[in-house]
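Asks: Here's a sequence, model it:
(chains A, B and C)
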Amino acid sequence: MAGLTLASPSAEPQRRGYSPWRETWRRYRRHRPAVVSAVLLLLLIAAVVLGPFAWRVSISDMDVVAGLQGPSLAHPFGTDDLGQDILARMIYGGRISLAVGLAAMLVSVFVGTLIGALAGMSRGALGYALMWLTDLFLSLPQLPLLLMLIYLFRDGLKAVFGPEGGIFILIVLVIGGLRWMPVARLVRAQFLSLREKEFVEAARALGASPVRQVVRHILPNALGPVIIAGTIDVAAAIIAESTLSFLGLGFPPDTPTWGRILYDAKDFLDIGPHWALFPGGAIFIAVVAINFIGDGLRDALDARKVI
Amino acid sequence: MALLDIKGLKTHFTTDAGILQAVDGVDISINRGETLCVVGESGCGKTVTAMSILKLIAMPPGKIVAGEIMFEGRDLVPLTSHELDDIRAKEIGFIFQEPMTSLNPVLTIGEQIAESLRRHEAVTKKQALERTVDMLKLVQIPNAAGRVHHYPHQFSGGMRQRVMIAMALACRPKLVIADEPTTALDVTIQAQILDLLQDMKERFGMAVMLITHAMGVVAETAQRVVVMYAGKVVEEAPVDELFGNPRHPYTQGLIRSIPRIDLDAAHKTRLEAIGGSVPILINPTPGCRFAPRCKYAMSICTEREPRLREIAPGHRMACHLGDAS
Amino acid sequence: MSQYVLRRLMIAIPSLLGISLVLFIVLALAPGDPFGELATNPNVPPEVQAALRAKFGLDDPIYLRYLHWLAAMAQGDWGFSFVSRMNVDTLILQRLPTTLYVIGSAQLLALAIAIPVGVYAATRPYSIFDQIANTFAFIGFSLPTFFTGILFILIFSVKLDWLPFVYSTDIKATGIPWVLEMIRQAIMPVMVLGLFQAASMTRFVRSAMLDVIRLDYVTTARAKGLGQAKVIVKHVMRNAMIPVVTLIALQMPAVFGGAIVTEQIFRIPGIGSLLISSILANDTPVVMAVTFVFACLVVLFNLIADVLYGWLDPRISFR
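Replies: Residues are numbered from 1 along each chain as shown, chains lettered A, B, ... in the order given. Model prediction:
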């Protein structure tokens, strides 16, 4: 039977001045909540970084007489049971909350990229073993394990790095160390699909070393999904840190992270609801903003949605 | 009166880049019991035309903006999807291109055929099953009584297309629309499926609208042929007339690009391809849409759109070339 | 099918072993030797200390210690809680039903919200309903459970005084009033946990539905004149549930995390609050055992998800 196919390669419409980053930005801008969130997050970061210069109230000045007051001019966010200024404490604690989120994200992206790259490159038993490990970690109950690790190791680290530094390092390592799996899977998947692509084959044929192939050709292509996963990780790490502090197992009482303030406030809900609402609201705004940014980045970086 | 009479059908899609005029003023009519082939390149609007008949296109983004689709004297365009449900499968059956993806993977094929019967005819579950087995026997599926309880992944591509045919014919529709039913299949299976379709047509006497891009399939099965290009009908003729006396440059190109194995070496000519590709149908340029690829293009071709007109009994085409001669 | 279930069970065993190994390594690496802590605890009588040293085989090589520990865990010999003055397994078995009751009800609530909302939103993508549902889902899973819990207490207990915010085990009533009170006090924790779950589930359901709805076989079903409702339920939903089951199973560790927080806020006497109180009281055997139980529950739910998956997808169970 005679058949014919008439499809011929269609000419790609040429766009002038095309730059991938501008294209990404153009698509990101279309996601309105993501743009609003980015502004909101920048404001929040500016507030905790620059706040101490504008709001020069001590975080630890006590005034028991003026305890548990609602918002006023002297104390815009009110005071806690010891009369400490909640705004000042939130500015200080916010730095730590956001820093923990960022640092834990870096840990998880680093570990995830490393393991994903190793698993993606090796064609043998190592790849399978690493993927088994990834699946195993995915089915670990995160919070109980997090709590147990902190329970077991906090005294040791406290002795070496001091109460605040020790807890910071521990929390960052543990949160990051329990959240690398999605990144590892993404990186491995990128490796498997990119390894056979023409431009990597071409690089291999030209004699590029494996390390060079990875660094120059594969990793930049895996960047998009990893950035998205990393963004979501920041939000997850902020929640994890707040959860630990809220359970009374995170930072010590004199380090008022947002979760810690909430923990102190939770027994005074009937007489001082403002004490819980402000830090809770701050956590919520930070997390929802980061999640929306992640959503916007997904729209912007997902190359499959082009055209 | 024709069984199906499509007049001036326009189906457009809203996209980010603008309005895509996938089908732009198509006239097609099918008589009872005849086989009509609709040919054209991928993206010429033949599938969208067929899907528009039963409103199977996604709406939105798709929309029938003009025209009428008369089926047995009744216009289908103003009907809602709900009202069309009584016509779907019962009056007009549909066979799709991809047998691998057109069957629901989690339901047995028996369930999928029987649900059509149960929807349109007053039959019990048991009767529906019996008739399903009968249909499977008709489309020559071995061990039909046992296979009826199997899932699609347990069938080969050719067998699945037989199941699709059984499904489309289960309610004895008056018209069957087959959208490239053999494209996804092995060449050896293709002929079997076409034969089966022909066989079924003789048995049930329904009309068939066969959409294809393979001229070979057209020559073997059609009584009449409609050639589509870029959302418009460019030529329409009985099959012998079309192959013997193609008048539109695009049709001529299509026929010349069929490999001829019946000629001896001395008469063999180079296989010709039509240069260029199907235009993008967003804000198309005025004039004839084939003009940019047409070797006979004149100045009028880019200015005025040629109308479809009758040049011989039953032979219509849309080209300015005919005007000049 | 039964063969498939059996094969899944066999696959679950290595992951349980893997989890136990991770737990053991963590314990073995921890400073201050948590196994030895009991044996060196001055409150523990010397004869118990000697028995413990022998039982844990503290001086054995590490792999032997792991095997001993594993054997003891497998036999339900989880040690003795000096804080509660009872065997750890008894203590956990006392607390477990409460946790399962809260988690189970929350999952049911989440499904009851997520499936209809997700399905309806997917049939009308980008409609007003879809956008509102999407926004709520986004806010829902960005709201940490501890904050929702506090907000609920503020609204429903402090301001409106409708619901109790402390969960009580010894309700002074019998019969129907007892049942009603049990339900009443569970409303807030179940809502907190269920709404959090529903938020992410709604997104899963919606996107799975959208993936399926544009597939060829859905057009086939529509071409049969089945009607919108039947096409959606019988053809789209049935297929969309397959990936949703997997995604829900992947969420289980997060659900247990939420359960711990919820139990702590509402003072529900489940194993989550037991974990927190034993950490604060340095009750190592309980900490270990509760963590292990949570790990087992995750594996169990994955197993259930696998079986459901095989039941939903004939292509899997026939292989």
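
Asks: ok, which stretches of the chain are strands?
Replies: Here I'm looking at chain A. Applying DSSP state E to chain A gives no strands.

Asks: not what I meant, chain C
Replies: Using DSSP E, strands in chain C cover C:80-81, C:86-87.

Asks: Between these, which has the poorest mean confidence score?
Replies: Comparing mean pLDDT across the strands of chain C, the weakest is strand C:80-81, with a mean of 76.

Asks: who's in contact with that one?
Replies: Outside strand C:80-81, the residues that touch it by CB atoms under 8 Å, 6 or more residues apart in numbering or on different chains are C:Met86, C:Asn87, C:Val88, C:Leu91, C:Ser278, C:Asp283, C:Pro285, C:Val286. To be clear about C-beta, it is placed using only N, CA and C from the backbone, and glycine gets the same treatment.

Asks: what's the closest of the residues you listed to chain A?
Replies: Proximity of the contacts of strand C:80-81 to chain A (CB to the nearest CB) peaks at C:Ser278, which lies at 8.9 Å.

Asks: shouldn't the closest one be in contact with C:Val287?
Replies: Yes - C:Ser278 lies in contact with C:Val287 (CB atoms under 8 Å); the separation is 5.1 Å.

Asks: so which of the strands of chain C is the most packed in?
Replies: Mean neighbour count (mean count of other CB atoms under 10 Å in any protein chain shown) peaks for strand C:80-81 among those, with a mean of 22.

Asks: Out of the strands of chain C, the one nearest B:Lys125 is which?
Replies: Distance to B:Lys125, taken as CB to CB, is lowest for strand C:86-87 among those, at 56.9 Å.

Asks: which strands and helices sit next to that closest one?
Replies: Counting contacts by 3 or more CB pairs under 8 Å, 6 or more residues apart in numbering or on different chains; DSSP states H and E, strand C:86-87 is packed against strand C:80-81.

Asks: Touching, C:Ile150 and A:Asp267? I think so.
Replies: No - look at C:Ile150 against A:Asp267 with CB under 8 Å: they stay out of range, at 10.8 Å.

Asks: higher neighbour count, these two?
Replies: Comparing C:Ile150 with A:Asp267 by other CB atoms under 10 Å in any protein chain shown, the one with more neighbours is C:Ile150, at 23 against 12.

Asks: Nearest residue to the more buried one in space, please, no chain neighbours.
Replies: Once flanking residues are discounted, C:Ile150 sits nearest to A:Ala276: 5.2 Å by CB to CB, 6 or more residues apart in numbering or on different chains.

Asks: so what's that neighbour up against?
Replies: Going by CB under 8 Å, 6+ apart, A:Ala276 touches A:Leu262, A:Ala265, A:Lys266, A:Phe268, A:Leu269, C:Ile150, C:Leu154.

Asks: now do B:Ala114
Replies: So B:Ala114 contacts B:Lys125, B:Ala128, B:Leu129, B:Arg131, B:Thr132 (CB under 8 Å, 6+ apart).

Asks: and the fourth one, what helix or strand is that in?
Replies: Looking back up the chat, that one is B:Arg131. Here B:Arg131, judged by DSSP states H and E, is contained in helix B:125-138.

Asks: Give me the contacts around that helix.
Replies: B:109-110, B:113-114, B:117-118, B:123, B:144-145, B:147-148, B:162-163, B:166-167, B:169-170, B:200, B:203.

Asks: could you list every residue that touches the nearest residue to A:Gly120 once chain neighbours are set aside?
Replies: With sequence-adjacent residues excluded and distances taken as CB to CB, 6+ apart, A:Gly120 is closest to A:Phe191, at 2.5 Å. For A:Phe191, the contacting residues are A:Gly116, A:Ala117, A:Ala119, A:Gly120, A:Met121, A:Ile218, A:Ala222, by CB under 8 Å, 6+ apart.

Asks: One more pass at 10 Å, please.
Replies: Contact analysis of A:Phe191 by CB atoms under 10 Å, 6 or more residues apart in numbering or on different chains lists A:116-122, A:127, A:200, A:214, A:218-219, A:221-222.

Asks: For chain C, see how far away it is.
Replies: 22 Å (CB to the nearest CB, to the nearest Å).

Asks: again, but for A:Ala237
Replies: A:Ala237 is 12 Å from chain C, by CB to the nearest CB.

Asks: That residue - how many residues pack around it?
Replies: Using other CB under 10 Å, A:Ala237 has 28 neighbouring residues.

Asks: try C:Asp216
Replies: 16.

Asks: That one contacts B:Met100, doesn't it?
Replies: Yes - if you go by CB atoms under 10 Å, C:Asp216 and B:Met100 touch, sitting 8.7 Å apart.

Asks: so which residue of chain B comes closest to chain C?
Replies: Relative to chain C, the nearest point of chain B is B:Arg88 (3.4 Å; CB to the nearest CB).

Asks: any idea how far the residue lying closest to that residue once chain neighbours are set aside is from B:Met200?
Replies: Of all residues not flanking B:Arg88 in the chain, C:Gly225 sits nearest, at 3.4 Å (CB to CB, 6+ apart). Computed as CB to CB, to the nearest Å, the C:Gly225 to B:Met200 distance reads 20 Å.

Asks: Let me see the ranges of the helices in the stretch 1-150 of chain B.
Replies: Using DSSP state H, counting those that start in this stretch, the helices assigned to the stretch 1-150 of chain B run over residues B:46-53, B:81-84, B:109-120, B:125-138, B:144-147.

Asks: hey, which of these is tucked in deepest?
Replies: The most buried one of the helices of the stretch 1-150 of chain B (mean count of other CB under 10 Å) is helix B:46-53, showing a mean of 25.

Asks: What about residue 225, how many residues nearby?
Replies: The chain I'm using is chain A. Number of residues near A:Pro225 (other CB under 10 Å) recorded here: 20.

Asks: right idea, wrong chain: chain C
Replies: Counted with other CB under 10 Å, residues neighbouring C:Gly225 total 24.

Asks: Kindly report the same for C:Arg238.
Replies: C:Arg238 has 17 neighbours, counted by other CB under 10 Å.

Asks: Identify the residue nearest it in space, chain neighbours excluded?
Replies: What sits nearest to C:Arg238 in space, not counting adjacent residues and going by CB to CB, 6+ apart, is B:Val106, at 5.5 Å.

Asks: Does that neighbour touch C:His235 like I think?
Replies: Yes - using CB under 10 Å as the test, B:Val106 is close enough to C:His235 to be in contact (8.7 Å).

Asks: So for those two, which sits in the more crowded spot?
Replies: Shown here are B:Val106 and C:His235; by other CB under 10 Å, C:His235 has more neighbours (26 against 19).

Asks: Now do the contacts for the more buried one.
Replies: C:His235 neighbours (CB under 10 Å, 6+ apart): B:104, B:106-107, B:112, B:115, C:212-213, C:215, C:217-222, C:224, C:226.

Asks: what do you get for A:Ala54?
Replies: Per CB under 10 Å, 6+ apart, neighbours of A:Ala54: A:Ala47, A:Ile91.

Asks: and if you look at C:Arg267?
Replies: C:Arg267 neighbours (CB under 10 Å, 6+ apart): C:Phe165, C:Val166, C:Tyr167, C:Ser168, C:Pro189, C:Ser273.

Asks: about what we covered before: may I have the helix holding B:Arg131 as PDB, with CA atoms only?
Replies: Taking Å, rounded to 0.1, in the frame of the first residue of the first chain, the C-alpha atoms of helix B:125-138 are listed here in PDB:
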ATOM      1  CA  LYS B 125     -26.300  -6.300  31.600                       C
ATOM      2  CA  LYS B 126     -26.400  -9.800  30.400                       C
ATOM      3  CA  GLN B 127     -27.800  -8.900  26.900                       C
ATOM      4  CA  ALA B 128     -25.100  -6.100  26.600                       C
ATOM      5  CA  LEU B 129     -22.400  -8.700  27.400                       C
ATOM      6  CA  GLU B 130     -23.800 -11.100  24.800                       C
ATOM      7  CA  ARG B 131     -24.000  -8.400  22.100                       C
ATOM      8  CA  THR B 132     -20.400  -7.300  23.000                       C
ATOM      9  CA  VAL B 133     -19.200 -10.800  22.500                       C
ATOM     10  CA  ASP B 134     -21.000 -10.900  19.200                       C
ATOM     11  CA  MET B 135     -19.400  -7.700  18.100                       C
ATOM     12  CA  LEU B 136     -16.000  -8.900  19.100                       C
ATOM     13  CA  LYS B 137     -16.600 -12.100  17.000                       C
ATOM     14  CA  LEU B 138     -17.600  -9.900  14.000                       C
END
